[in-house]
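K.L.:
using only what follows, build the 3D model:
(chains A and B)
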Amino acid sequence: MTDKTTGSHIAGTEDTAPGGEHPLVELRSAGKSYGNIRALHGVDLTVHPGKVTCVLGDNGAGKSTLIKIISGLHQHTEGEFLVDGAPVRFSTPREALDKGIATVYQDLAVVPLMPVWRNFFLGSEMTKGPWPLRRLDIERMKKTADEELRNMGIVLDDLEQPIGTLSGGQRQCVAIARAVYFGARVLILDEPTAALGVKQSGVVLKYIAMARDRGLGVIFITHNPHHAYMVGDHFSVLRLGTLELSAARSEVGLEELTNHMAGGAELAALKHELAQVGGVDTEELPEEGDLRAPAAATPEGKS
Amino acid sequence: MSMAQQAEPAVNTPPAPGPQQTDGRTARRPLPLRLLARPEVGVFLGAVAVVVFFLFAAPPVRDGSSMANILYQSSVIGIMALPVALLMIGGEFDLSAGVAVVASALTASMLSYQLTLNVWMGVIVALAVSLGIGAFNGWMLVRTGLPSFLVTLGTFLILQGVNLAVTKLVTGNVATDSIGDMDGFDQAKAIFASSFEVAGVQVKITVVWWLVFAALATWVLLRTKYGNWVFAVGGNKDSARAVGVPVTFTKISLFMLVGFGAWFVGMHNLFSFNTVQSGEGVGQELIYIAAAVIGGCLLTGGAGSAIGPVFGAFMFGMVQQGIVYAGWNPDWFKAFLGVMLLGAVLINLWVQRTATRR
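P.N.:
Have a look, this model is predicted:
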């Protein structure tokens, strides 16, 4: 909503922090091994305020491991993880929250049987009164939850209804509104549109844009390049635990992004095979050269 | 690289709707239906039905002293059913709750008698032991991630064995010696096992404690942070942890709360009968769990109340004594228990389905 965040969109800002400040969150060739399984390796990622960083990848590409490191559920085993320029190593999600990193999980964002307002404040309840009588400030919590939800454009008839009765999109929105309210500076969204219909996905994308305009740094995990391209400022494509593509919006188009997501060079090889089988129109498919263009700056830059 | 590239993301901020707007898709169901969907209302109606039934079937029940006796029986179950219910809302249950009562009473009794201490010493040590048993259950559960059924089944068997073996070892008998003439006994009895007179009827003090604890538990559950956490760890442990609820603390403290309840009932038993039978308590844990479930607590956690188990325990006390006053064979009690339990579980299931239906 401020000119500062939306007006300063210049290509290349994602590598040099604006105003000489540190990025909110930065990964430097970070990786994670579970025993002898290397789930993630050599990943660079930066998150700036008022920008949406999209992380794309197929199932098993390492997206979940990446967000688990940033949100404090797991620790990285190689490389560096910096918040505001200082190296960190979170041992609980609480520590990440205290640094302003909030995660909206795909399925474990809420407690279904609890009322909307209790879910909104869960873990950070408002209280009043001295200790032995310290109690929940229910009036204030309900009022605040209602205001915050309306600010995000979500209108609910009854905040007492169990959150499990809301639709998937509404639940996502409540979780996003909650993170924004609790002063999140970095919002991690784990496939928020994965299980949603077209219209509901649009609603969730609007809230992502809204969070961005409020000056939050957003990490948007998805495997839908169309959704990513609607709101993204920077795109990182993960493949088999390494970074396949890391490009600013000005360096990559939707079509190219889609190709990378779809397997890039593998598709080009598949095109040749299909051409030999015959009966398949391969004219529309991209050439291998198109797919390599700005490609990955990773050490393993395999495509 | 031939396509036109957008310099700005395409999606813009949505306009905020006016304050009075509602989405109008959720019709409110009529009040009676919404009330009936609350499990504690269901069990309240059940308790009323049982009272009315026995008022007709067993005329002695109409007497004030019979009612006081029924309330007393209910309170002894009810005091334990409360922490068991909180634990169940928190997603766990405790099979060792029945024998833990006896373990606590044995500790206090034998320690005071054998070392000839003031009974208060024994009472305090017993509290520490009870809280320790609870903490052990909780700690094991959190550390190993095993289901509470297995962990507390282990504790149940250990305590059952230790209760008998240690008592035989120390006293050479299955019961402890009477501590009725020891220092501090009268004071402790006044707190744990005295009676007072209301309108010519002797009422046991445990009835008062039961209602005080129930009020306290209701307040904690609905009006404090801790209560919020209890619902959350039972409803969805992973979500709760992810939003910063201290799951380990909540689970362990709930088990310790059951330890506290076991200590309190153990002290009541000790100071009303002066001695403790070391083999008792087996099977009681299921009565407590049944009272909590009949009171509308979800066995899988995340839903329930503290007032529901009060009515649940009252139904137990009413039926147990009502059958006696009616002159029937007391064996019918267990059959009745089973029917009540099944009925309550079916109602709970229905409530959960309606509550989460889209």
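K.L.:
in a helix, B:Gly78, correct?
P.N.:
Yes - per DSSP: H, G, I helix; E, B strand; the rest coil, B:Gly78 lies within a helix segment.
K.L.:
my read: it touches B:Tyr288, true?
P.N.:
No - with contact defined as C-beta atoms under 8 Å, B:Gly78 does not reach B:Tyr288; the gap is 9.2 Å. (Each C-beta comes from the backbone N, C-alpha and C, glycine too.)
K.L.:
just want to know which of these two has more residues nearby.
P.N.:
B:Tyr288 (34 against 31; other C-beta atoms under 10 Å in any protein chain shown).
K.L.:
find the nearest non-adjacent residue to the more buried one, please.
P.N.:
Nearest residue to B:Tyr288 in three dimensions, chain neighbours excluded: B:Val84, at 4.3 Å (C-beta to C-beta, 6 or more residues apart in numbering or on different chains).
K.L.:
now do B:Leu270
P.N.:
Distance criterion C-beta to C-beta, 6+ apart; nearest residue to B:Leu270, sequence neighbours excluded, is B:Ala105 at 4.3 Å.
K.L.:
the residue nearest to B:Tyr288 - that's part of a helix, no?
P.N.:
Yes - the assignment for B:Val84 is a helix, going by three-state DSSP.
K.L.:
what residues does it make contact with?
P.N.:
By C-beta atoms under 8 Å, 6 or more residues apart in numbering or on different chains, B:Val84 lies in contact with B:93-94, B:97, B:258, B:261, B:285, B:288-289, B:291-292, B:309.
K.L.:
what about those residues, which are in helices?
P.N.:
Cross-referencing the contacts of B:Val84 against helices under DSSP state H gives B:97, B:258, B:261, B:285, B:288-289, B:291-292, B:309.
K.L.:
list only buried entries from those.
P.N.:
Neighbour counting by 16 or more other C-beta atoms under 10 Å in any protein chain shown classes B:97, B:258, B:261, B:285, B:288-289, B:291-292, B:309 among those as buried.
K.L.:
redo those residues as TSV? Include pLDDT and distance to A:Leu196.
P.N.:
Formatted as TSV, those follow (pLDDT from 0 to 100; distance: C-beta to C-beta, whole Å):
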residue	pLDDT	distance to A:Leu196
B:Ala97	95	45
B:Val258	97	42
B:Gly261	96	46
B:Glu285	92	45
B:Tyr288	94	44
B:Ile289	93	40
B:Ala291	92	43
B:Ala292	92	38
B:Pro309	94	40
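K.L.:
one step back: nearest to chain A among the ones in helices among the contacts of B:Val84?
P.N.:
Lowest distance from chain A to the ones in helices among the contacts of B:Val84 (C-beta to the nearest C-beta) belongs to B:Ala292, with 16.5 Å.
K.L.:
wait, doesn't that closest one sit right on B:Ala303?
P.N.:
No - taking contacts as C-beta under 8 Å, B:Ala292 lies outside contact range of B:Ala303: 11.6 Å.
K.L.:
three-state assignment of the most centrally placed residue in chain A?
P.N.:
Residue closest to the mean C-alpha point of chain A, counted by C-alpha atoms, centre = their mean, is A:Phe220 at 2.3 Å. Here A:Phe220 is recorded as strand under three-state DSSP.
K.L.:
quickly list what it is bridged to.
P.N.:
Judged by DSSP bridges, the bridge partners of A:Phe220 are A:Cys54, A:Leu189.
K.L.:
contacts only, for it.
P.N.:
Counted by C-beta under 8 Å, 6+ apart, A:Phe220 has contacts A:52-55, A:189, A:192, A:208, A:227-228, A:231-232.
K.L.:
how about 6 Å then?
P.N.:
By C-beta atoms under 6 Å, 6 or more residues apart in numbering or on different chains, A:Phe220 lies in contact with A:52, A:54, A:189.
K.L.:
out of these, flag the one nearest to chain B.
P.N.:
Distance to chain B, by C-beta to the nearest C-beta, is smallest for A:Val52 among those, at 7.0 Å.
K.L.:
tell me how far the residue nearest to that closest one when sequence neighbours are not counted lies from A:Trp117.
P.N.:
Using C-beta to C-beta, 6+ apart and skipping the chain neighbours, the partner closest in space to A:Val52 is A:Val218 (4.4 Å). A:Val218 is 25 Å from A:Trp117, where distance means C-beta to C-beta, to the nearest Å.
K.L.:
same question for A:Lys63.
P.N.:
31 Å.
K.L.:
which pLDDT value belongs to residue 51?
P.N.:
With no chain named, the answer covers chain A. With respect to pLDDT, A:Lys51 scores 90.
K.L.:
you answered for a different chain; I wanted chain B.
P.N.:
Predicted confidence (pLDDT) for B:Val51: 90.
K.L.:
so A:Ser250: helix, strand or coil?
P.N.:
Judged by three-state DSSP, the three-state class of A:Ser250 is helix.
K.L.:
roughly how far does it sit from chain B?
P.N.:
For A:Ser250, the distance to chain B (C-beta to the nearest C-beta, to the nearest Å) stands at 7 Å.
K.L.:
and the strands in the chain, which stretches?
P.N.:
Since no chain was named, I'll use chain A. Secondary structure of chain A (DSSP state E): strands located at A:25-34, A:37-47, A:52-57, A:78-83, A:86-87, A:101-104, A:127-128, A:135-136, A:186-190, A:217-222, A:234-239, A:242-248.
K.L.:
the chain in question should be chain B.
P.N.:
Going by DSSP E, chain B shows strands at B:195-198, B:201-204.
K.L.:
need the winner for burial among the ones you listed.
P.N.:
strand B:201-204 (a mean of 17; mean count of other C-beta atoms under 10 Å in any protein chain shown).
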